[in-house]
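Student: Below are the sequence and a predicted model; questions follow.
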Amino acid sequence: MAYDLEEQEELDALKAWWRANGNKVLAFLTVVFACFAAVQGWKYYQNKKSIEASNEYQQLIQTDSKDLKAIQGISGQLIDKYPSTPYAGRAALIAAKANYKAKDAKSAKAQLEWAIKNAKEEQIEAIARLQLAAIQYDEKNYDAALQTLSAKHAEGFDGLFADLKGDVLAAQGKKDEARTAYKEALAKLDAQGKYRHYTEFKLEALGS
C-alpha cells in the first residue's frame, strides 16, 4: 500500500517516537496491568475471607450459649484469622458475654477491650464500651467505668451511656452529678422505649 508524502512523514515520525519512548510505554503499561491485577486479587482475597468469616460467625450464633468451650473456640478463630472483618468484633462480644456468665470477668474484659480497639463497626465498639463499663461498675471500679464511658462513641448510644454514667455517679454518692446524667439520658433515650422508665425511676429515687 503506497503512502503519500505527508502520510509517510507522519509514519516516520511515529516510528521515531516509538523507538525513543516505546520501552517506557511498555514499562508503564506493565505497571498498570500489574497494579490492576493486584487490586483485583486483593478484592478476591478480601471477599473470600469475608465469606469464610460469615460462615464461621453463623456457626457461632447457632452454638448453644451454655457451650462455653465451643464459643471460645469459634470466636477465637474469628478474632485470630479474620480480624479485618466485622464478624471478629461481633464474635468478641459474644465471647465476652459467655465468659462473664461463666464468672470469668477477666477474659470478658479482655475481649471487650479488643472489640473497642479493633471492631470495624462503630455500633459494636459502643456496645463493647457499655458492657466493659458495666463490668467495671459491678466491680466497684467507678473511676475506670467513668473513663470508659467518657470516650467518643456512636451518637445513637448517648442515652445509654448517660444512664450508666448516672448509675456510677450515684454509687459514688455524687447525687447532683447523677441527676444531671439521668436527665441527659432521658433527653436522649427513645420516648417510647421501655428503658426510659427505669431511668425515670432512678432519677426519682435520688429525690429533689
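Tutor: Happy to help now that I have it.

Student: So, low pLDDT: which residues of the chain?
Tutor: For the chain, the stretches flagged by pLDDT under 70 are 1-18, 21-22, 25-50, 208.

Student: Run through the helices of it in chain order.
Tutor: 5-61, 68-81, 86-101, 105-118, 122-138, 142-150, 158-171, 175-188, 195-205 (DSSP state H).

Student: possible to save those helices as TSV with mean neighbour count?
Tutor: For the C-beta atoms, the positions are set from N, CA and C on the backbone; glycine is no exception. Rendered in TSV, the data for those read as follows (neighbours: other C-beta atoms under 10 Å):
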stretch	mean neighbour count
helix 5-61	11
helix 68-81	17
helix 86-101	22
helix 105-118	19
helix 122-138	21
helix 142-150	18
helix 158-171	21
helix 175-188	17
helix 195-205	14
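
Student: And A70, how far from N99?
Tutor: As for A70, its distance to N99 is 13 Å (criterion: C-beta to C-beta, to the nearest Å).

Student: before we move on, what about N118?
Tutor: 17 Å.

Student: re the thing from before, need the overlap of contacts for A70 and N99.
Tutor: Residues touching both A70 and N99 by C-beta atoms under 8 Å, 6 or more residues apart in numbering: none at all.

Student: Show the contacting residues for the residue nearest to F161 when sequence neighbours are not counted.
Tutor: Residue nearest to F161 in three dimensions, not counting chain neighbours: L149, with 5.4 Å by C-beta to C-beta, 6 or more residues apart in numbering. Taking C-beta under 8 Å, 6+ apart, we find L149 in contact with R129, L130, A133, F161, L164, K165, V168.

Student: ok, the third one - contacts?
Tutor: So that's A133. A145, T148, L149, L164, V168 are the contacts of A133 under C-beta under 8 Å, 6+ apart.

Student: Generate JSON lines for those residues, with distance to Y198 as supplementary columns.
Tutor: Shown next, in JSON lines, are the contacts of A133 (distance: C-beta to C-beta, whole Å):
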{"residue": "A145", "distance to Y198": "18"}
{"residue": "T148", "distance to Y198": "20"}
{"residue": "L149", "distance to Y198": "17"}
{"residue": "L164", "distance to Y198": "11"}
{"residue": "V168", "distance to Y198": "15"}
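
Student: Tell me the one among those nearest to T199.
Tutor: Distance to T199, by C-beta to C-beta, is smallest for L164 among the contacts of A133, at 10.1 Å.

Student: For the closest one, give its distance to I61.
Tutor: 26 Å.

Student: swap in K194?
Tutor: Going from K194 to I61 by C-beta to C-beta gives 24 Å.

Student: What of N118?
Tutor: Noted for N118: a distance of 19 Å to I61, by C-beta to C-beta.

Student: where does D64 fall, phi/psi-wise?
Tutor: Here is the backbone geometry of D64 (degrees, to the nearest 10): phi -60, psi 130.

Student: dump the residue contacts of it.
Tutor: Contacts of D64 (C-beta under 8 Å, 6+ apart): A70.
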